[in-house]
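A.B. asks: Provided below are the primary sequence and the corresponding predicted coordinates.
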Amino acid sequence: MNELSNYFKYYDELDDDLKNIVLSKIRNPQNKELLHDIVSYKKQKDIIFKKYLQNGFEYTEDFGDNLNIYGWIDNDLLGYYNNDIVYNNNNIIDCNIDKLLRQYSYKIKSKIKGKTNTIFNYHLNNKINAKSKINRYIGNLTINERDEFISKIN
């Protein structure tokens with residue numbers, strides 16, 4: 001039996017929907033860098049939350065609570081994007097824009113609503129749930145940037 005056969009010895013026992021998923025990955029292989037980034041995202045996100053928990057923050061539903069883990073991570077990621085410089089219209093730094101330009105939605109919205117409004121909506125819109133903002137922030141960072149952010153957590 002060749003090596004490939006070892007991986008497919010249970011294939012015939014799978015449901016048809018699972019067989020279709022397996023075949024789709026063979027026909028349309030996924031970008032290895034993207035897959036690595038997805039796996040790293042989950043691991044690095046877990047590390048971030050673990051470090052904040054170790055620092056005494058808690059899972060609470062009150063995002064304004066001084067110990068709320070989501071509020072602090074959201075705030076710290078917001079600062080990380082702009083190199084810890086307070087936001088206003090005059091001091092959005094280039095590396096912040098570079099990070100945002102990775103998102104197709106930013107490119108479209110900035111053309112329609114303007115750069116300042118789009119940045120405000122991305123970073124400072126309180127209608128967006130802190131959990132969603134955290135996922136968006138972490139997902140938009142590169143693996144190296146996430147490592148750098150993690151290294152700055154005390």
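C.D. replies: Nice, I can see it. Residues are numbered from 1 along each chain as shown.
A.B. asks: Going by contacts, tell me the helices and strands next to the longest helix that the chain contains.
C.D. replies: What stands out as the longest helix in the chain, according to DSSP state H, is helix 32-54. For helix 32-54, the packing partners by 3 or more C-beta pairs under 8 Å, 6 or more residues apart in numbering; DSSP states H and E come out as helix 69-81, helix 130-140, helix 143-151. The way it works is simple: take the backbone N, C-alpha and C, and place the C-beta from them, glycine included.
A.B. asks: export these to TSV and tack on mean neighbour count?
C.D. replies: Shown next, in TSV, are the helices and strands packed on helix 32-54 (neighbours: other C-beta atoms under 10 Å):
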stretch	mean neighbour count
helix 69-81	19
helix 130-140	16
helix 143-151	15
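A.B. asks: Lowest-scoring secondary structure element of the chain by mean pLDDT?
C.D. replies: helix 3-7 (a mean of 63; mean pLDDT, DSSP states H and E).
A.B. asks: picking up where we left off before, out of the helices and strands packed on helix 32-54, which is closest to residue 14?
C.D. replies: Closest to residue 14 of the helices and strands packed on helix 32-54 is helix 130-140 (C-beta to C-beta; 30.6 Å).
A.B. asks: Determine the set of other helices and strands touching the closest one.
C.D. replies: Under the contact criterion of 3+ C-beta pairs under 8 Å, 6+ apart, helix 130-140 touches helix 32-54, helix 69-81.
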